[in-house]
Each structure stands twice: as structure tokens, then as C-alpha cells.
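Student: can't give you the sequence, but here's the structure:
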């Protein structure tokens, strides 16, 4: 059986959903995840910005993607690393 060709819109939508899945769109109505991250991280640089972004990411998607405890442990791991980084620098 021959596969029915998909519309360009369907293909673009599937790709967009993989890049920006629902657990990043349902954080705050009418705000894109990346726009929020740019705003929240504007005062940080380098490693500190990366680590803060990871902490924010896992806390913002808490209960929306993976197991809640797993998400909190991921956020905690990055937060602990951030604390260590700040203590050493």
C-alpha cells in the first residue's frame, strides 16, 4: 500500500512540535519558552547563564514531561553545580 503524501503544513507542524513541544508551550499562556528564557537570563553570562537556564527549564516543565521527582532532581543537580561554581569563582 502506497503512503499518502503529507502536506507541507503537516510536515512543518510535526517538525515544530519536536523543536518546541507542548511541555514548553504550556508554561505561561501567550509566552513562548525561549522568550521567557531570554528575559530571565539577560543578566547572566557563560556557565552561570547555562546553569540558571537548566534550573529554570526543569522547574518550568515540572509535571508536564517526565516524572515530577525526576524533574526536581535534574533541577537540583544543576542548582548544586551552580552553587559549587559560584563558591569556586
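Tutor: Great, that's in hand. Fair warning: this is a prediction, and the values are worked out from it, not measured in the lab.
Student: what's the longest helix in this protein?
Tutor: The residue-count maximum for a helix in the chain (DSSP state H) belongs to helix 68-88.
Student: which outside residues touch it?
Tutor: Contact with helix 68-88 is made by 47-48, 51-52, 54-55, 58-59, 61-63, 65, as judged by Cβ atoms under 8 Å, 6 or more residues apart in numbering. For every residue, glycine as well, the C-beta is placed using N, CA and C.
Student: give me the buried subset of these.
Tutor: Buried positions within these, assessed by neighbour count (16 or more other Cβ atoms under 10 Å), are 51-52, 54-55, 58-59, 61-62.
Student: for this structure, give me the ranges with low pLDDT.
Tutor: Screening the chain residue by residue with the criterion pLDDT under 70, one finds the ranges 1-29.
Student: where do the helices of it begin and end?
Tutor: Counting by DSSP H, the chain forms helices over residues 8-19, 22-25, 33-41, 46-60, 68-88, given from the N-terminal end onward.
Student: could you single out the most deeply buried of these?
Tutor: Between the helices of the chain, the one whose residues have the most neighbours on average, counting mean count of other Cβ atoms under 10 Å, is helix 46-60 (a mean of 17).
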